[in-house]
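Engineer: sharing a model that was predicted from the sequence below.
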Amino acid sequence: MSLRSLASRALSNLPMKRKFLMQTAFVAVGIVALAVVAARIQYLDLNSTRQAGLRAQVEMAMGVIEGYTARAESGELEPEEAKAAALKTLSMMQASKGVDYFFVTDQTPTMLMHPTRPDLDGKPVSDVLSPDGKAIFPAFVAAARGGGGFVDYSWAKAGEKDPVPKTSYAALYAPWGWVVGTGVYVDDTQAQALQFTAIMTVAGGLLVLLNLAIGWVIGGSVLDSIGRALAAVKGVSRGDLGVRTGHHGRDEVGQMLKATDEMVQMLERFSHETHEMIRLHAAEDITHRMPEEFPGVYGELAAGINTMMFEHLDAITDAIAVLRKYAHGDLSHDARRLPGSRAFLHEAMDAAKASLQSINVEIKRLAQAASAGDFSMRGDESAYQYDFKVMVQGLNAMMDTSDRNLGQLSHLLRSIADGDL
């Protein structure tokens, strides 16, 4: 059995109301999940945008450094002057009131320039840890040697004490061995993501409530219609054909209700015609037939009832006609042959005819014997039952009486002949 079949069988055992609630719950969970996923995607998109911006800013800083390198190679500036000028220019490239800036170290790493932490300039920074305990500058060197990369850590904004999450991008300027980096604080990114999440959650919640309201209205309408159809079908199963489903619309459920009413009305009409046939056959019109213009199987049933009834009635009518002939002494007719279980009728008629013929033969035999002067002949009383037996007994009694009377008459005539008067 397939998974779909198993699921269908399991759902078929649940009430419709529970199915609607399950569907609404699944939609609600889907809306909430969609809100969470959308918020996560928005957060990742913001981070991706910020990281792309950091990479572009470092590339811009590299362009500034390359400009000073070109001036040093042309002899316009001494190499050390060019490096000092490049560091000064980078230190002034700040934004957001010093929140966004560039820093430069060598690969030792030693801090060459940090605009917000001048106390670190010229000092080794291998052991400088971020507030979250991370050795960030060796991590910058490793990321830069790897072709440029990002480092996540926490750091305080300029003029503030509390550290916040920050992401920096570091790249290596190989000609001078510098590691150039810049970063962005991501607390605002998180705030935006949380704000977006809140908006999506509220919107999702409203959609869930709207879905619940729509589901309640639609589900209530469907369940009410199905309940009325079920009540009608149950009424029909109990034999109550007076049930009706009430108002029905034009949708599929409404069409089902309409079809249910039409079915009940058809059954009611069929039942009425059946009762009418029963009433008329029990009273004044045994020839009444049920109308057969019903559609489909109802017409077949009506025709079947008519056939069944009138095959029996015709057979009984024929039997009555034959019995009337038997009553008038005409035994020349046989009952119509009937098939199957109805054969008992012509078998009974044949038995009646055989009995009448037998008693007729017996009477003729006794009559012929009496006409021949033989009053000793008797009928076989054991061959008959009931009134036929009484008839034979009567005939035998008559023969006995006639035989005695004949004997007495014969004795009287002999006495007269002998002169005994």
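Structural biologist: Structure's in. What do you need?

Engineer: okay, CA-based contacts and neighbour counts for the rest of this
Structural biologist: OK.

Engineer: got the buried residues for stretch 261-269?
Structural biologist: 261, 264-268 (16 or more other C-alpha atoms under 10 Å).

Engineer: and those residues, which is closest to Trp216?
Structural biologist: Nearest to Trp216 among the buried residues of stretch 261-269: Asp261, at 26.2 Å, using C-alpha to C-alpha.

Engineer: test my guess that that closest one contacts Arg244.
Structural biologist: Yes - with contact defined as C-alpha atoms under 8 Å, Asp261 reaches Arg244; the gap is 6.0 Å.

Engineer: what touches both of those two?
Structural biologist: Common contacts of Asp261 and Arg244, defined by C-alpha atoms under 8 Å, 6 or more residues apart in numbering, are absent altogether.

Engineer: please, where are all the helices along the protein?
Structural biologist: Secondary structure of the chain by DSSP state H: the helices cover 3-12, 16-73, 79-92, 136-145, 187-237, 252-282, 296-327, 343-371, 386-417.

Engineer: off-centre distance for the second one?
Structural biologist: Yep, that's helix 16-73 we're talking about. 42 Å (C-alpha atoms, centre = their mean, to the nearest Å).

Engineer: what's it packed up against?
Structural biologist: For helix 16-73, the elements it packs on are helix 79-92, strand 163-173, strand 178-185, helix 187-237, judged by 3 or more C-alpha pairs under 8 Å, 6 or more residues apart in numbering; DSSP states H and E.

Engineer: among those, which is the most enclosed?
Structural biologist: Among the helices and strands packed on helix 16-73, strand 178-185 has the highest mean neighbour count (mean count of other C-alpha atoms under 10 Å), at a mean of 24.

Engineer: what lines up beside it in the sheet?
Structural biologist: Strand 178-185 has the following strand partners under DSSP bridges: strand 102-105 (antiparallel), strand 163-173 (antiparallel).

Engineer: so what touches that strand?
Structural biologist: Outside strand 178-185, the residues that touch it by C-alpha under 8 Å, 6+ apart are 50, 54, 57-58, 61-62, 99-107, 140-141, 144, 157, 164-173.

Engineer: got a list of what Leu54 touches?
Structural biologist: Applying C-alpha under 8 Å, 6+ apart, one finds that Leu54 lies in contact with 168-169, 182-184.

Engineer: quick one: low-confidence ranges for this structure?
Structural biologist: 1, 4-5, 7-14, 16, 189-190, 342, 420-421 (pLDDT under 70).

Engineer: mind running it again at 90?
Structural biologist: Within the chain, the ranges that satisfy pLDDT under 90 run 1-51, 94-100, 116-119, 128, 130-133, 155-166, 184-421.

Engineer: could you dump the contacts of Leu54 to JSON lines with distance to Met391?
Structural biologist: Shown next, in JSON lines, are these (distance: C-alpha to C-alpha, whole Å):
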{"residue": "Ser168", "distance to Met391": "135"}
{"residue": "Tyr169", "distance to Met391": "135"}
{"residue": "Thr182", "distance to Met391": "139"}
{"residue": "Gly183", "distance to Met391": "136"}
{"residue": "Val184", "distance to Met391": "134"}
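
Engineer: tabulate the strands paired with strand 178-185 (JSON lines), appending distance to Leu87.
Structural biologist: Below are the strands paired with strand 178-185 laid out as JSON lines (distance: least, C-alpha to C-alpha, whole Å):
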{"stretch": "strand 102-105", "distance to Leu87": "8"}
{"stretch": "strand 163-173", "distance to Leu87": "13"}
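
Engineer: what does stretch 194-211 contact?
Structural biologist: For stretch 194-211, contacts defined as C-alpha under 8 Å, 6+ apart pick out 24, 27-28, 31-32, 35-36, 38-39, 42.

Engineer: go again using 7 Å as the cut-off
Structural biologist: Stretch 194-211 has contacts (C-alpha atoms under 7 Å, 6 or more residues apart in numbering) with 24, 28, 31-32, 35-36, 39.

Engineer: just the CA coordinates for it, please, in CSV.
Structural biologist: Taking Å, rounded to 0.1, in the frame of the first residue of the first chain, the C-alpha atoms of stretch 194-211 are listed here in CSV:
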residue,chain,number,x,y,z
LEU,A,194,15.3,42.1,14.2
GLN,A,195,13.1,44.9,13.0
PHE,A,196,12.5,43.1,9.7
THR,A,197,11.8,39.9,11.7
ALA,A,198,9.3,41.8,13.9
ILE,A,199,7.6,43.2,10.9
MET,A,200,7.4,39.8,9.2
THR,A,201,6.2,38.2,12.5
VAL,A,202,3.4,40.8,12.8
ALA,A,203,2.5,40.4,9.1
GLY,A,204,2.7,36.6,9.5
GLY,A,205,0.5,36.8,12.6
LEU,A,206,-2.0,38.9,10.8
LEU,A,207,-2.0,36.5,7.9
VAL,A,208,-2.5,33.6,10.3
LEU,A,209,-5.4,35.3,12.0
LEU,A,210,-6.9,36.1,8.5
ASN,A,211,-6.3,32.5,7.5
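
Engineer: tell me which of the strands paired with strand 178-185 lies nearest to Pro295.
Structural biologist: Here strand 163-173 is closest among the strands paired with strand 178-185 (C-alpha to C-alpha), at 80.6 Å.

Engineer: my guess is Ala335 meets His346, correct?
Structural biologist: Yes - applying C-alpha atoms under 7 Å, one finds Ala335 in contact with His346, separated by 5.3 Å.

Engineer: circling back to that earlier point, what's the most distant pair in the contacts of Leu54?
Structural biologist: Tyr169 and Val184 (8.9 Å).

Engineer: for Val32, which non-adjacent residue is closest in space?
Structural biologist: Leaving out its chain neighbours, the residue that sits closest to Val32 by C-alpha to C-alpha, 6 or more residues apart in numbering is Gly204, at 5.8 Å.

Engineer: sorry, slip of the keys, the one I care about is Tyr43.
Structural biologist: That would be Ala193: by C-alpha to C-alpha, 6+ apart, it lies 5.1 Å from Tyr43.

Engineer: who's in contact with that neighbour?
Structural biologist: Ala193 makes contact with 39, 42-43, according to C-alpha under 7 Å, 6+ apart.

Engineer: quickly list what Ala170 is bridged to.
Structural biologist: Residues in beta-bridge contact with Ala170 (DSSP bridges): Gly149, Gly181.

Engineer: how far away is Lys166 from Arg145?
Structural biologist: 21 Å (C-alpha to C-alpha, to the nearest Å).

Engineer: now, which of the contacts of stretch 194-211 sits nearest Ile359?
Structural biologist: When those are compared for distance to Ile359 (C-alpha to C-alpha), Thr24 wins out at 89.7 Å.

Engineer: understood, closing this out.
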